[in-house]
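In: Model the structure of this input:
(one chain, ligands or ions: 1)
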Amino acid sequence: MGRLVAISNRIPLGDNPSGGLVVALDDALRSSGGLWVGFSGETAEAPADDLTFHDGAAFQRASFDLTPEDHDTYYLGYSNSVLWPVCHGRADLMRILPEYLDGYRRVNERIARMLVPHLRPGDRIWVQDYQLFPLAQELRRLGVTAPIGHFLHIPFPGPTDCATLPNPAELFDWLSHYDLVGFQAQRDLDNFAASARSLSDLEQLSDNRFRVAERDMRAGVFPIGIDAQAFLAEAEGAREEDRMRSLTGAQIMIGVDRLDYSKGIPQRFRAFQALLEGDPSLTEKVMLLQIAPPTRESVDAYQQIREETEHLAGRINGQFATVNWTPIRFIHRPIPRNELAGLYRQARIGLVTPLADGMNLVAKEYVAAQDPADPGVLILSRFAGAAEAMTEALIINPHDPGELAQAMHQAIAMPLDERRSRHAALLRGVVEQDVGWWSKTYLDALA
Ligand code: ADQ
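Out: Reported below is the predicted structural model:
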């Protein structure tokens, strides 16, 4: 089998990769060998026009720098101020500037140019996520005939949201140059088909085959997973002293998210407030531990979500705290994975309440980290891709604080045998459809 060449927006050059996509790709490349190409994270006024290779991994890694202008227009601009909000149902937060789309096209064209000299016969090319939609088209222009696949980690928008893009038809043109486009959930494939029908010339040949201008494209659903065995081991090995023993007495509800407006953190806080307002006997008995490192802080919408969540946590704490108890603990730092696993294991309730989410790996990590003899309860938004398979979680609508507070109540009171049977079913899915399963199923389909 030929080499796997993976391209993602960012490539981690440190020792401990974290973040969903990064861990998944690291794992896939470790088992197959190959080359991983991505942005170094550094900007420079005149970056080299070739890839820089790095030693020290089980596979080859190569990075490139961006100019500050390209970083602003391609990454912060079109990727994260246009595509991200639209794909997460927040067209109201979109910011359209003409230079964004120019920068996005320019960077994709440059990545293709830098990549081509390093390709070998037999390579399979796997492009990751929304920052790189045009890459296949650019590679084909340069004569690349290798199989090229794309995997979209975030939701695909339906026709109404798609139509808010400045260039909906171009989005489908970009995608039509891939041999296989992978989505997280059936919902995304359905949205793709519906949006293609109303906004593009793509003709749908069957459930997962599309054609335009003599080009055939396949699409499919490949739900991403975690490295479940590694996470189980982390959680079992988590040292007692790493855990929050000192806080107990109170049952812990845990939320772990990048601080992003798609994750439903204010909605979660309001539901917790409703829970405490509705049941004063819970005073000092439950606490919400929210771990949410800020991201993309130079984008306005991210400054706003930070202010909103901090303000809300402060208000709720002011309303309910006692001398011995702070109801919400809000941590803005990333946490090492082994510590995270220990915290998940100790939390009685896992709160995964995004308003929109491609998959959400925290839901799977929480399940994998539980003690099967005395497991906690997962509360999961119906708008996470994870909800399609994780049906034994308490599935909720995160917009409804009453419904979410009710699920919190149900989770706190849930008898041990029900917790065990729900957890066993969830764990089976997380272990069977792990990250190795994900990359293998995708790459088999690409071949
Ligand atoms: P994200 O939006 O980043 O990923 P998610 O799937 O939850 O969302 O992955 C986040 C990862 O970062 C998890 O592994 C989590 O443990 C880790 N993480 C978050 N906060 C952390 C903290 N404070 N400290 C340490 N680790 C932290 C995108 C899509 C998702 C999709 C993934 C993978 O938005 O829908 O599931 O890609 O495809």
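
In: tell me which residues in the host helix or strand of residue 192 are buried?
Out: Following DSSP states H and E, one finds residue 192 within helix 186-199. Neighbour counts over helix 186-199 (16 or more other C-beta atoms under 10 Å) mark 187, 188, 189, 191, 192, 193, 194, 195, 196, 199 as buried. C-beta here means a position set from N, CA and C on the backbone, and glycine is covered the same way.

In: and the ligand, which of the residues you listed reach it?
Out: Among the buried residues of helix 186-199, proximity to the ligand is found for none (C-beta under 6 Å from any ligand atom).

In: Need those in a markdown table (columns: distance to residue 1 and pLDDT).
Out: Listed next are the buried residues of helix 186-199 as a markdown table, based on distance: C-beta to C-beta, whole Å; pLDDT from 0 to 100:
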| residue | distance to residue 1 | pLDDT |
| --- | --- | --- |
| 187 | 32 | 98 |
| 188 | 28 | 98 |
| 189 | 26 | 98 |
| 191 | 32 | 98 |
| 192 | 28 | 98 |
| 193 | 31 | 97 |
| 194 | 35 | 97 |
| 195 | 34 | 97 |
| 196 | 31 | 97 |
| 199 | 37 | 97 |
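
In: wait, which of those is closest to the ligand?
Out: residue 188 (10.6 Å; C-beta to the nearest ligand atom).

In: returning to that earlier point: which neighbours does the next helix or strand along the chain from the helix holding residue 192 have in its sheet, and in what orientation?
Out: Per DSSP H and E, the first helix or strand lying C-terminal to helix 186-199 is strand 203-206. Take DSSP bridges as the rule and strand 203-206 pairs in its sheet with strand 209-212 (antiparallel).

In: So what's the residue count around residue 74?
Out: Using other C-beta atoms under 10 Å, residue 74 is surrounded by 29 other residues.

In: isn't it right up against residue 68?
Out: No: using C-beta atoms under 8 Å as the test, residue 74 is too far from residue 68 to be in contact (11.1 Å).

In: what sits in contact with each of the two?
Out: In terms of C-beta atoms under 8 Å, 6 or more residues apart in numbering, residue 74 and residue 68 are not both contacted by any residue.

In: before we move on, the earlier item: now the buried residues of helix 186-199 in JSON lines, with distance to residue 358?
Out: JSON lines is the format used below for these (distance: C-beta to C-beta, whole Å):
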{"residue": "187", "distance to residue 358": "10"}
{"residue": "188", "distance to residue 358": "8"}
{"residue": "189", "distance to residue 358": "13"}
{"residue": "191", "distance to residue 358": "12"}
{"residue": "192", "distance to residue 358": "13"}
{"residue": "193", "distance to residue 358": "17"}
{"residue": "194", "distance to residue 358": "18"}
{"residue": "195", "distance to residue 358": "16"}
{"residue": "196", "distance to residue 358": "19"}
{"residue": "199", "distance to residue 358": "21"}
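
In: Residue 114 and residue 121, how far apart?
Out: Applying C-beta to C-beta, to the nearest Å, the value for residue 114 to residue 121 is 19 Å.

In: I meant residue 215, not that one.
Out: With the distance defined as C-beta to C-beta, residue 215 ends up 22 Å from residue 121.

In: quick one: secondary structure of residue 287?
Out: Three-state call for residue 287 (DSSP: H, G, I helix; E, B strand; the rest coil): strand.

In: pLDDT below threshold where in the protein?
Out: Residues of the chain meeting the criterion pLDDT under 70: 15-19, 239-248.

In: Show me which residues of it sit near the ligand.
Out: The chain has residues 18-21, 153-154, 224, 256-258, 291, 293, 334-335, 340, 357-362, 365 near the ligand, with proximity defined as C-beta under 6 Å from any ligand atom.

In: can you rerun that using 5 Å?
Out: In this structure, the chain approaches the ligand at residues 19-21, 153, 224, 256, 291, 293, 334-335, 357-362, judged by C-beta under 5 Å from any ligand atom.

In: ok, now which ones touch residue 133?
Out: Taking C-beta under 8 Å, 6+ apart as the test, what residue 133 contacts is 83, 108, 150, 171, 174, 175.

In: Then residue 207?
Out: residue 189.

In: And it, how close does it get to residue 136?
Out: From residue 207 over to residue 136 (counting by C-beta to C-beta), the distance is 22 Å.

In: And for residue 42?
Out: Residue 42 sits 26 Å away from residue 136, going by C-beta to C-beta.

In: so what's whichever residue of the stretch 1-150 of the chain sits closest to the ligand up against?
Out: Closest contact between the stretch 1-150 of the chain and the ligand, by C-beta to the nearest ligand atom, is at residue 20 (3.1 Å). Applying C-beta under 8 Å, 6+ apart to residue 20 gives the contacts 153, 224, 359, 361.

In: Ok, residue 46 next?
Out: Neighbour list for residue 46: residue 67 [criterion: C-beta under 8 Å, 6+ apart].

In: Please apply the same query to residue 135.
Out: When contacts are counted by C-beta under 8 Å, 6+ apart, residue 135 touches 7, 108, 111, 112, 127, 148.
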